[in-house]
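Asker: Give me coordinates for this.
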Amino acid sequence: MTPPHRPAWFDISTPDAARARRFYQDLFGWPAIVLDETYALVGDDGGRPAGGIGQSGPDSPYTGFVAYFPVDDVDAALARAEELGGTRVLAPVDTPDSRIAVFTDLDGNRVGLISR
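Answerer: Have a look, this model is predicted:
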């Protein structure tokens, strides 16, 4: 089954995660589940987090906003993006709930891939 091609998750990677979390909580009223000092689950998608705000650092693959689109196979979708001229930013990695990767498109926009 091919998943819908609309964002399934978002991440905001920032040099000051606590400040960004407060900003978006104040702006949107998002609830936050602080996992540790470097990452919090935020937003409300029917009682579930809709995204995360994380602390970027010198080894972070990116800083900024990334929307993650659902795909059946992260590795295959990343390979296809690279064939089409995209550039790998974050190699496929497993998280507790999913597999993710990030690439830049032809204009340098960061795009995430996710499979659950």
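Asker: Return the set of buried residues in stretch 108-116.
Answerer: Within stretch 108-116, the residues scored as buried using 16 or more other CB atoms under 10 Å are 110-115. Yep, even glycine has a C-beta here, placed from its N, CA and C like the rest.
Asker: Ok, stretch 89-107 next?
Answerer: By 16+ other CB under 10 Å, the buried positions in stretch 89-107 come out as 89-90, 92, 98-104.
Asker: Now for Phe10, how many residues are close by?
Answerer: Phe10 has 16 neighbouring residues, counting by other CB atoms under 10 Å.
Asker: Give the full set of residues in contact with the residue lying closest to it once chain neighbours are set aside.
Answerer: Take Phe10 and drop its neighbours on the chain: the residue closest to it by CB to CB, 6 or more residues apart in numbering is Gly51, 3.7 Å away. For Gly51, the contact set (CB atoms under 8 Å, 6 or more residues apart in numbering) comprises 9-12, 41-43.
Asker: Just give me the neighbour total for Gly86.
Answerer: Here the count is done by other CB under 10 Å, and Gly86 has 19 residues near it.
Asker: in the sheet, who's paired with the residue nearest to it when sequence neighbours are not counted?
Answerer: Spatial nearest neighbour of Gly86, chain neighbours left out: Phe103 (4.3 Å); criterion: CB to CB, 6+ apart. Beta-bridge partners of Phe103, counted by DSSP bridges, are Arg88, Val111.
Asker: What distance do you get for the nearest residue to Gly43 once chain neighbours are set aside to Asp94?
Answerer: Distance criterion CB to CB, 6+ apart; nearest residue to Gly43, sequence neighbours excluded, is Ala50 at 3.1 Å. As defined by CB to CB, to the nearest Å, Ala50 lies at a distance of 21 Å from Asp94.
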